[in-house]
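Colleague: no sequence for this one, just the structure:
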């Protein structure tokens, strides 16, 4: 898909995956897209931990109520904020959101399914301790990636006119 708006409109959160592992080149492209997200002062505060190992995924799954999605996904990418590179938390959080959006859009453009999981943040300290992450790395999301094994439904969004705000006179 060359039309970015078409990729945006057709992207869906995929929670069921085929067993087939995406190629390393596909995962590299997803990560490459993510690193080109905008960030304040170009500080690029994101860091990625790639998990393909079944045992690691099974252990990680214990930290979320969405355990099946993590266990069954061929690839899990943990997105962390490098707090040592942070200069403004609010701006860095928005930058990481943009980074994740780029990741999801590139996955969709490559014909991969992906899902942004945030519920795991309820236990981010426990996850950090389990994975022995450096103290400067703060978990921001888990992204699952693979080939979709579910029927994709049509998306729906609020009307643009319902989202516009008029200034009061």
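Modeller: Sure, I can see it. It should be emphasised that the depicted structure is a prediction, and the values quoted were computed from it without experimental measurement. Numbering: from 1, shown residues only.

Colleague: How about the contacts made by residue 121?
Modeller: Residue 121 sits next to 139-141 when contact means Cβ atoms under 8 Å, 6 or more residues apart in numbering. To be clear about C-beta, it is placed using only N, CA and C from the backbone, and glycine gets the same treatment.

Colleague: Name the nearest of those residues relative to residue 25.
Modeller: Using Cβ to Cβ, the shortest approach to residue 25 within the contacts of residue 121 belongs to residue 141, at 23.0 Å.

Colleague: Which residue is the nearest non-sequential neighbour of the closest one?
Modeller: Across the structure, with Cβ to Cβ, 6 or more residues apart in numbering as the measure, the residue nearest residue 141 apart from its sequence neighbours is residue 79 (4.7 Å).

Colleague: Check whether the one you found sits in a helix, strand or coil.
Modeller: Under the three-state scheme (DSSP: H, G, I helix; E, B strand; the rest coil), the conformation of residue 79 reads as strand.

Colleague: measure it to residue 31 for me?
Modeller: Relative to residue 31, residue 79 is positioned 10 Å away (criterion: Cβ to Cβ, to the nearest Å).

Colleague: out of the two, which sits in the more crowded spot?
Modeller: The residue with more neighbours, out of residue 79 and residue 31 and counting by other Cβ atoms under 10 Å, is residue 79; that gives 20 against 17.

Colleague: what's the more buried one in contact with, if anything?
Modeller: If a contact means Cβ under 8 Å, 6+ apart, then residue 79 has 34, 46-48, 96, 99-100, 103, 139-143 as its contacts.
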